[in-house]
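Asker: Return a 3D structure for these sequence lines:
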Amino acid sequence: MSKKALIKRLSWYYPLEKFHALVTFPLLVVYLLYHYALADILLLIYGLLVCIVILLQGQHYWKLKLHRLSGKTFSQVKSLQFFRKSKRVNIVLIGLMPLVLLLQLSITDWRTIPDNLMIWAVCANAFAVLEHINYYHRQLMIDNEADLRYLLTNKRLKIASLKKDLEESKL
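Answerer: Below is the predicted model of the structure:
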């Protein structure tokens with residue numbers, strides 16, 4: 001992808017991720033809290049909150065990449081520290097998911113949760129894990145021709161851009 005095309009793509013992509021992190025997912029949380037007892041949606045809310053945290057990291061990364069391509073300055077050292085710390089925080093948040101599940105089950109006396117909320121909770125938490133993998137390990141999102149071509153040619157997923165940047169200590 002050319003520099004010009006990448007700038008164009010990132011100009012709409014990172015604001016969209018930011019919108020989902022600051023509007024879409026929080027609105028889902030508010031809706032759920034309004035319609036269901038917290039005890040029934042604890043794991044679901046937790047998964048959505050972890051998604052928000054990871055999406056905010058992702059939009060920040062893409063914003064910095066856009067800044068780099070556009071010639072805007074930012075502190076590379078502080079940014080790398082932020083993403084290294086964020087990766088560790090994500091691992092802790094992901095590690096807490098089973099404990100939140102057990103907490104919800106113990107609060108609800110192991111009863112059935114209405115409206116398939118447990119399925120949605122598992123999906124939200126799985127999505128958070130996949131977002132972490134997508135940013136910090138392997139690029140799971142294949143949304144353009146170049147990514148598809150890479151997958152078909154190499155028979156594997158690309159290493160995530162953020163992972164490469166962290167390994168090379170440069171954004």
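Asker: Every contact and neighbour count from this point should use C-alpha atoms.
Answerer: Fine.
Asker: surely residue 94 meets residue 129?
Answerer: Yes. Counting by C-alpha atoms under 8 Å, residue 129 is a contact partner of residue 94 at 6.7 Å.
Asker: Find the nearest non-adjacent residue to residue 159, please.
Answerer: residue 138 (4.5 Å; C-alpha to C-alpha, 6 or more residues apart in numbering).
Asker: So what would you say the end-to-end distance of stretch 11-27 is?
Answerer: This stretch, stretch 11-27, spans 24 Å end to end (C-alpha to C-alpha, to the nearest Å).
Asker: quick one on the thing from earlier: is it true that the residue nearest to residue 159 touches residue 164?
Answerer: No. At 10.0 Å, residue 138 does not count as touching residue 164 under the criterion of C-alpha under 8 Å.
Asker: neighbour count winner among these two?
Answerer: A count of neighbours by other C-alpha atoms under 10 Å puts residue 138 above the other of residue 138 and residue 164, at 20 against 15.
Asker: so who does that one touch?
Answerer: The contact partners of residue 138, taken as C-alpha atoms under 8 Å, 6 or more residues apart in numbering, are 157-160.
Asker: Could I get the phi/psi values of it?
Answerer: Residue 138 adopts backbone torsions of phi -120, psi 140, taken as degrees, to the nearest 10.
Asker: Next SSE downstream of the lengthiest helix in the chain?
Answerer: In the chain, assigned by DSSP state H, the helix with the most residues is helix 38-70. Of the helices and strands lying after helix 38-70 in sequence (DSSP states H and E), the nearest is helix 76-95.
Asker: ok, back up a step: which secondary structure elements does the longest helix of the chain sit against?
Answerer: If contacts are counted by 3 or more C-alpha pairs under 8 Å, 6 or more residues apart in numbering; DSSP states H and E, helix 38-70 sits against helix 3-19, helix 25-35, helix 76-95, helix 97-107, helix 117-136.
Asker: Much appreciated, bye for now.
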